[in-house]
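[1] The sequence isn't on hand, but the structure is:
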Ligand code: SF4
């Protein structure tokens with residue numbers, strides 16, 4: 001069924017392989033299944049070429065692409081390259097342009113001729129505001145959050161024109177699409193990073209978790225703190241200028257002082273974005289079993305709360321704005337892909353266990369790698385679940401996903417989506433949460449207070465209809 005073209009949409013690609021299963025992890029990821037990697041990537045490519053191409057035809061290019069897992073960086077270069085070529089061919093880049101870059105002069109001439117770079121030889125819609133390229137071409141703005149060349153610092157984050165596939169004057173391939181790749185420091189090297197860079201990946205998300213080697217071992221990570229530092233330095237040297245680090249707190253044996261050291265270590269690496277998550281004991285993980293046996297020495301509730309308070313005050317103090325409950329970013333480095341999830345934008349998930357949200361319906365592909373490969377070989381759909389949401393569920397999800405963000409629920413967006421004002425559905429709830437100091441309300445929005453962020457789950461429950 002043809003769906004209405006959204007303002008923006010994202011693509012998620014799942015790579016479910018890991019070298020070792022971390023003890024806390026309940027994500028759909030598997031260790032010891034390397035023998036399926038090649039067949040899996042072949043199947044994923046097929047799904048991109050069918051489903052991916054179908055949505056590009058309907059909706060145009062995605063605004064964001066995110067390759068997550070699992071550990072996508074565990075794949076060998078040869079498979080990564082095959083995957084990137086397909087992603088580029090369908091969603092983003094044209095590999096032939098990577099090999100034969102269009103000369104800069106020609107890009108500018110094309111821009112002058114067409115007045116717009118959209119859809120012409122893989123060129124981007126861009127705008128010039130104060131950057132050196134302003135005089136070279138007239139182009140129209142399409143988005144407002146792409147970094148310019150070096151001049152961006154001076155001209156407040158505007159755009160410069162770029163061919164999506166062609167190297168920029170500084171030799172960088174830039175893209176209007178935010179293209180993120182999750183990386184495990186224990187599986188990265190210069191060759192892989194260069195490959196990512198060459199194929200247009202422009203954001204890296206490193207799973208660091210902690211810089212304490214004893215804690216890394218305790219939680220089952222494969223990397224060391226030294227490898228983490230080296231991986232980030234290597235990524236910078238390859239030219240990545242949008243790097244996110246994932247940290248965790250509340251780990252077994254962790255103290256408040258250790259978390260402070262982790263924050264200091266992270267800040268010393270000057271990441272552009274930091275995600276920080278409290279350890280959750282998920283059912284049937286190794287940690288869950290250890291906890292059942294009384295063998296997990298977790299920090300007590302007071303310490304965990306102090307850890308939460310520490311990270312929510314320390315990171316903003318260093319210029320990382322808290323734009324979502326667990327996410328902090330320097331201005332302009334918020335994850336556009338994840339914001340899409342929280343702002344009710346559709347996304348297409350491809351690969352085993354990948355979730356999609358399309359036309360108000362949530363889908364999930366089979367989690368089983370072999371079943372996924374077989375279904376793609378047979379040419380049948382790998383979707384295992386389809387959940388058309390009722391209007392009430394859609395309202396709830398809209399509300400509590402938006403409430404995760406600092407911006408909160410945009411009243412106009414809610415009214416446009418559901419045809420009724422937010423107050424007509426939630427006025428009582430909003431009033432109750434306001435009285436408890438958990439919500440703030442303005443003319444435009446409703447958002448969590450710092451206390452509300454701390455007790456987010458309590459507030460979200462109140463928004464269930
Ligand atoms: S590397 Fe990530 S996906 Fe893999 S087991 Fe560890 S936490 Fe889970």
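    Alright, I've got the coordinates. Since we're looking at a predicted model, the values are computed, not measured.
[2] What lies in contact with stretch 370-378?
    Under the contact criterion CB atoms under 8 Å, 6 or more residues apart in numbering, stretch 370-378 has outside partners 36, 39-40, 42-44, 46-47, 351-352, 365-366, 381-382. The way it works is simple: take the backbone N, C-alpha and C, and place the C-beta from them, glycine included.
[3] and if we set it to 10 Å?
    If you take CB atoms under 10 Å, 6 or more residues apart in numbering as the criterion, stretch 370-378 is touched by 14, 16, 33, 36, 38-47, 50, 351-354, 365-366, 368, 380-384.
[4] what ranges do the strands span in the stretch 251-400 of the chain?
    273-278, 321-324, 327-329, 347-350, 355-358, 361-365, 383-388 (DSSP state E, counting those that start in this stretch).
[5] one step back: list buried members of the contacts of stretch 370-378 by neighbour count.
    The neighbour count (16 or more other CB atoms under 10 Å) marks 14, 16, 36, 39-41, 43-47, 351-354, 365-366, 368, 382, 384 as buried among the contacts of stretch 370-378.
[6] Inside helices: which ones of these?
    If you go by DSSP state H, the buried ones among the contacts of stretch 370-378 have 39, 40, 41, 43, 44, 45, 46, 47 in helices.
[7] a markdown table please, covering these and showing distance to the ligand.
    Shown next, in a markdown table, are these (distance: CB to the nearest ligand atom, whole Å):
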| residue | distance to the ligand |
| --- | --- |
| 39 | 20 |
| 40 | 15 |
| 41 | 17 |
| 43 | 19 |
| 44 | 16 |
| 45 | 21 |
| 46 | 23 |
| 47 | 20 |
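[8] For those, give me JSON lines that also has pLDDT.
    Formatted as JSON lines, these follow (pLDDT from 0 to 100):
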{"residue": "39", "pLDDT": "98"}
{"residue": "40", "pLDDT": "98"}
{"residue": "41", "pLDDT": "98"}
{"residue": "43", "pLDDT": "98"}
{"residue": "44", "pLDDT": "98"}
{"residue": "45", "pLDDT": "97"}
{"residue": "46", "pLDDT": "97"}
{"residue": "47", "pLDDT": "98"}
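[9] What is the nearest of those to residue 290?
    Closest approach to residue 290 among these (CB to CB): residue 40, at 30.6 Å.
[10] How far away from the center of its chain is stretch 233-249?
    Centre-to-centre, stretch 233-249 and its host chain are 14 Å apart (CA atoms, centre = their mean, to the nearest Å).
[11] Straight-line length of that stretch, end to end?
    One end of stretch 233-249 to the other measures 23 Å (CA to CA, to the nearest Å).
[12] Could you see whether the ligand lies near that stretch?
    No - taking CB under 6 Å from any ligand atom as the criterion, stretch 233-249 and the ligand are apart, separated by no less than 8.9 Å.
[13] low pLDDT regions in the chain?
    Residue ranges of the chain with pLDDT under 70: 1-3, 93-175.
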